[in-house]
Structure formats: C-alpha cells, structure tokens
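quick check, what structure comes out for this input:
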Amino acid sequence: MKRITLFIVFCLITASIFSQLDFGVKAGLNLTNISADVLTDDYQIKSNDGSELGYHAGVLLRASLVGIFIQPELLFTSVASEYTVTDVNTSLETLAKQRVGRIDVPVIVGAKLGTLRLGIGPVASFIVSENSDLSDIPDFETTIKSATFGYQIGAGLNIWKFGLDLRYEGSLSKLGDQIIIGGESFNFDSRARQLIFSLSFEF
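Residues are numbered from 1 along each chain as shown. The predicted model follows:
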C-alpha cells in the first residue's frame, strides 16, 4: 500500500504542472490472454488459447497543456485465466480457472488531436486477491508476485463529457516465477496480455 501511495503522489505532483485538469470515473471490460506451460512428472498445466473476460473500474485525472496530456489512473482490475490440467499417468484432462484481483496504476502520456487522444505509458499492478482451481492439485503451491509492471498503448475519443478508450496492455514482468508440486519446483513464466475497453465520464 505504501508503494501505491507514493506512486499516486508522484503522479499528482507531475500533473499539477499542466494547466487544465479533468477528473473522472471509468469502467469497462478487459480480455486477458495468459501464456503458461508447465510439465511435471505427473501433470501438464497449459494455459488455454483465447482470451478470458474480466472487468475494471476506478478514477482518472487528465492534465493537459498545448495538446499534450498526462493521465494517471487508479483502477481495480479483475483478471481471469483458464488452464487445462492433464494427468500424465491417466491422460485425464480438467479445466482450472483462476481470477486475480489487482490495483492498477497506469500513467498514460500522449497527444490530443481534436477529440482524439493517442497515448502510451507504464502500468504498475499490485495483486490484492487470488482465487485459483489450480490449488486443487495435490501438494500444489504457487507464489504470485505482489507487484508486476507492464505498458499500455491505445487511443481514446471524447464526446462531450464521455470518453471511449481502447488499449493494449503488455507485460514487462512475470505474474509468478515458479510452482511447487509434491515439494519439487518448476518454472512458471506466466505473462498476461490484455485488450482493454473503457467508458469514462469526466466532471
């Protein structure tokens, strides 16, 4: 929580340099694709193809000056993923769902071209909850990183006080480093990619 507070304070100080400030709320849907593949003596755990639907909601602050803007945001994001777990000994397959709750702090910097906005910037994500069917595997343990970092790039459109945004989010760090099954450690390079659709309202 201390890191989140310091990051937000830094964003607010930077934003205060700009002349026009707009505050708003936003919410939307995110399509998440996670890549992971683990093979042990007894199980294969592989992320499924396709994207899983999640959601996000929070607040934004946009500071503008001469066509340039900086937009820090504070969002709660629910990220879903699905895995196929194959028992190597019996070839029996089961589906395992996972949902992670995050506090996301993207900081988008970009240009305004009339009602169109184009931007790019970093995003810090702080894990606050996890619910996973993978824990049903006997002697399964995993360590989800408390914080991950990525980037977002996208475009937005303002219509009166409403905003529509489409962004792509890529990962610069792994969601987890390893899993432990039966006391043995295995690499678990789980990286998330997202398409993010948002609707915002500015006051």
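
CA only for contacts and neighbour counts going forward, please
Will do.

quick one: contacts for the nearest residue to F162 once chain neighbours are set aside?
Leaving aside its chain neighbours, F162 sits nearest to F201 (4.6 Å; criterion: C-alpha to C-alpha, 6 or more residues apart in numbering). Residues near F201 by C-alpha atoms under 8 Å, 6 or more residues apart in numbering: 24-26, 161-163.

out of those residues, which one has the weakest pLDDT?
When the contacts of F201 are compared by pLDDT, K161 scores lowest at 93.

after the helix or strand of the chain with the lowest mean pLDDT comes which helix or strand?
Counting by mean pLDDT, DSSP states H and E, the chain has its least confident helix or strand at helix 2-15, which shows a mean of 59. As assigned by DSSP states H and E, the chain's next helix or strand after helix 2-15 is strand 20-35.

and that next one, what other elements does it pack with?
strand 43-47, strand 52-65, strand 68-87, strand 191-202 (3 or more C-alpha pairs under 8 Å, 6 or more residues apart in numbering; DSSP states H and E).

please repeat the previous calculation with a cut-off of 10 Å.
Under the contact criterion of 3 or more C-alpha pairs under 10 Å, 6 or more residues apart in numbering; DSSP states H and E, strand 20-35 touches strand 43-47, strand 52-65, strand 68-87, strand 162-171, strand 191-202.
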